Every structure is written in structure tokens, then in C-alpha cells.
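Undergrad: build me a model:
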Amino acid sequence: MSGRPADWLHSQRWFRSKNRPIASVAEHDRAPLGSTAALVVLEVAYADAGPPDHYLVPTIDEREPRDGEGAWAAITGVIADGATLEGARGRFVGAPRPAIGALMPAGLTERRLGVEQTNTSAVVGDRLILKIYRLLEAGENPDVEVSAFLADAGFTDTPAPAGSLTYETDTESAAAAMLQAYVPSRGDAWATMLAALADGPEPGVELAARIGELTARMHAALASRPRDPAFPARAASVAETAAWRSAAEAQLAQAVGAVSGEAHRRMVAVAPGATARFADTFGSATGEARVSRVHGDYHLGQLLARTDGGFSVIDFEGEPARPLAERRATSSPLRDVAGMLRSLDYAARTAERAQRGFDAEAWSSVAREAFMAAYGAIGPDDAGLLEAFELEKACYEVRYEANNRPDWLWLPLAAVERLVTGA
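TA: Down below sits the predicted model:
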């Protein structure tokens, strides 16, 4: 953390507010983790309006830990022992789960994973994976909450949760880390799907069917305890379907505003049809649509391709840009289905660009049928709702690609047009 703290924060993949001007960075709390190690909480205040953020930064000698220095193993030990680390303003409290007894390795070797996004993960002892939640958000973390619920419900195709670490003050608490079983894998389902499509269309269709069956079992598990107030399963309310319409219209408006030139003209041309689709579908969904807890950010990259040939679902945090309460809310399971169908379409279009003679349109149609057949039959009302969620997701993708990967804007833009016109 040498140099200016604000510059250092902006250089970190896990820092979420890169587009906001930082007014100050100050140490908010510190809990000793060893002779030279500590769990430091940084308070980040911004020049624009809004409350400060608090970020968790493990340190050794006032810098980020390196593999083999023992910081990740020490955090694992705090969780496994159910220990408490006292700070000046709050405390870090470890909470082991029953699985820790069978998973705790004899030797706590450690290696940080190279993939960095909103969190930091390290493999400990080749049996556990430690996920550090960098942004400390007050409230129940859905990743911790849903992982524990699925384990208790008997769903085994997600890494077994082994414990968690919470940062607590006298007024609130926030998830700081989660410990899970390390799942040996060959990468994620995105890479697996592209490799399968390189061998021809049939292997990819078979994978789509397997993912459809897995998705159905995940949703069944999430809806298996409808009387649990945090995991209800019931008919959607009028307020919920109205919120779906508002959210979809907002995504459409943001997509139109995110593009320029020919892309803008194309989005403007389809916007009335998309608006009408959202109004018709969400306006008539009450009484037919079902809600439960969902994954919230479901795509091929959220499935580990295990070395035993199966898949494991990971990362139940939901879309990180959304508020915590929104990520914990019930929604239609068809949102997850729509996200995966859009991911399959992305895989098909990617393969088409890489392979001469590959027909993305034809493969997507067959793969979609295979996925939905394995997922389970849905009625005509649900079919319309699914298409509306796919259209909303494609609008989100237009905005994402316009802001991050302009060379890929063609893909979701064409999807929006297909979904609106039915062509």
C-alpha cells in the first residue's frame, strides 16, 4: 500500500468505485492477526454525496500478504477455531460449520488464486478455499447465506461451506470471509463449453442439457423450505411484477443511452417494441409467476467444471453492483434461466467467430431446446416471462459491452433485435 492510498485503491480489481472521486482514505479499524499481520479496515470517503465505504485489507508489515507468509492460513484458523479478533472499533468473529472437521487439512499451505474480481480467494491446504469479501456491507451476505442453506437442504453441487468470518460492531455486522471446500476443477463451464464446441455441435448440446438439469435441481433446493422467511417460495405479488417491469424499462433506457451512432439508431428503433413487451408480459404476470431465492448472476462462468465430470455452482452474491438487500430479495427463477440462455448464446456466437462453418443460430436453437427440456416444461405464461427476462438481460449486455468491450457490442445488440422482433 505504498504511495497514495487513493491511487493504490484505484489500482485494485476489487475496488468497486473507480468512477467516484476519493476525498480521503483512513484506517477505520485494525485487529492483530499475528506478530506482524493484521486485518485492517479502511474507510473510504468520496467527494460526491453518500456515506463512506469500508474495505477489508489483510496486511503483513503494512502490505498485502504474499503466498507462504501465513496470512490466509491464519484467517482460516480463526474461522476453524471460532475465535474472535478484537479491534479498536469492532471485532472479527469466526464461525465454523460442521464440515470443517472433515475438511481442515493437517498442513496449511496457501496459494492465492490469480482470478481477481470483487473478492480475493486463496486455496489453503489444497482442501479449502478462503474467499475474502473486500467491501464490508452491513447485513446478511447472500453468498454465505445461500451456500449454507443449500448445504442444509442437501444440494451437493456447490462447494460445501466450512465457516465464515464476520466483522461486528455494536450496531451492525458484515461478512468478511467465507471458507468452503476446495473443488478440483478443469476451469469453468464457459471454457468447457467452448472446448466442446470446437469438437462439433453435439458435445455442446449435451453440456447444455446437463446444465439445465443442474439448474432445475438448484431451483428446487432453493424453494424446498417455503416457510423459511428468508427463503420463501410463493406466487409473485403485484408489487414484485411491477418492480420487474420498472427494472426492465430502466435497463432498456440505460442501454439506449450507452450507445451512439448506428448502434443508437438501432436501439431507438426497437425501444418501443421492447417497452410494449415489458408492459404486456410483466403487467399480466401476477398470479402466474412464482418467486423464490435465486442465484442472481447465473452464467457459464459461475459453474466449475469438476475433474469428476460434474459441475458445481459458485458465487451466490448476485450482481455486485446491486445493493445487498436487492441481492437477497426473492425473484423469479426464470431470471437465472434467462441468464444461462444468454450465456449459451454468447458461447455460440464466440464459437462461430472462431470456427469456419459453425452455425451459431442453429446450435443455439438446439441447445436451448435441450437445456429447457432438461430444466422442465414451462407453460406459455412462463415462456413469455422468460423471453422478457432474456430481453432485459440483453439490454444489460448492450450497456456492459458499450462501456467495457465495444468490439463485442454487435452480439447483444443483435440479440435485442431478435428478441423484440421474433426474427
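
Undergrad: for residue 300, give me its contacts.
TA: Listed by C-beta atoms under 8 Å, 6 or more residues apart in numbering, the contact set of residue 300 reads 188-190, 193, 211, 340, 343-344, 346-347. C-beta here means a position set from N, CA and C on the backbone, and glycine is covered the same way.

Undergrad: how does it look with 10 Å?
TA: 188-194, 207-208, 211, 311, 339-340, 342-344, 346-347 (C-beta atoms under 10 Å, 6 or more residues apart in numbering).

Undergrad: how far away is residue 254 from residue 392?
TA: Using C-beta to C-beta, to the nearest Å, residue 254 is found at 11 Å from residue 392.

Undergrad: quick one: which of these two has more around it?
TA: Shown here are residue 254 and residue 392; by other C-beta atoms under 10 Å, residue 392 has more neighbours (28 against 15).

Undergrad: check which residues of stretch 88-104 are buried.
TA: 90-94, 96-97, 99-100, 103-104 (16 or more other C-beta atoms under 10 Å).

Undergrad: next one: it to chain centre, how far?
TA: The chain centroid and the centroid of stretch 88-104 are separated by 23 Å under C-alpha atoms, centre = their mean, to the nearest Å.

Undergrad: which two in the buried residues of stretch 88-104 are spaced the farthest apart?
TA: 90 and 103 (27.8 Å; C-beta to C-beta).

Undergrad: out of the contacts of residue 300, which are inside strands?
TA: 188, 311 (DSSP state E).

Undergrad: on that earlier part again, among the buried residues of stretch 88-104, name the ones in strands.
TA: 91-94, 96.

Undergrad: can you give me the helices in the stretch 201-350 of the chain?
TA: For the stretch 201-350 of the chain, helices defined by DSSP state H, counting those that start in this stretch occupy the ranges 201-222, 238-258, 261-283, 324-328, 334-354.

Undergrad: only alpha carbons, please: show the longest one as PDB.
TA: By that I understand helix 261-283. This file holds the C-alpha atoms of helix 261-283, laid out as PDB (Å, rounded to 0.1, in the frame of the first residue of the first chain):
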ATOM      1  CA  GLY A 261     -24.100   6.200 -33.900                       C
ATOM      2  CA  GLU A 262     -25.600   3.200 -35.800                       C
ATOM      3  CA  ALA A 263     -26.000   1.200 -32.500                       C
ATOM      4  CA  HIS A 264     -28.000   4.100 -31.000                       C
ATOM      5  CA  ARG A 265     -30.300   4.200 -34.000                       C
ATOM      6  CA  ARG A 266     -30.900   0.500 -33.900                       C
ATOM      7  CA  MET A 267     -31.700   0.600 -30.200                       C
ATOM      8  CA  VAL A 268     -34.000   3.600 -30.700                       C
ATOM      9  CA  ALA A 269     -35.800   1.600 -33.400                       C
ATOM     10  CA  VAL A 270     -36.500  -1.400 -31.200                       C
ATOM     11  CA  ALA A 271     -37.200   0.500 -28.000                       C
ATOM     12  CA  PRO A 272     -41.000   0.900 -28.500                       C
ATOM     13  CA  GLY A 273     -41.400  -2.800 -29.100                       C
ATOM     14  CA  ALA A 274     -39.300  -3.700 -26.100                       C
ATOM     15  CA  THR A 275     -41.300  -1.300 -23.900                       C
ATOM     16  CA  ALA A 276     -44.500  -2.900 -25.100                       C
ATOM     17  CA  ARG A 277     -43.200  -6.400 -24.500                       C
ATOM     18  CA  PHE A 278     -42.200  -5.500 -20.900                       C
ATOM     19  CA  ALA A 279     -45.600  -3.800 -20.300                       C
ATOM     20  CA  ASP A 280     -47.600  -6.800 -21.700                       C
ATOM     21  CA  THR A 281     -45.600  -9.500 -20.100                       C
ATOM     22  CA  PHE A 282     -45.000  -8.100 -16.600                       C
ATOM     23  CA  GLY A 283     -48.400  -6.500 -16.500                       C
END
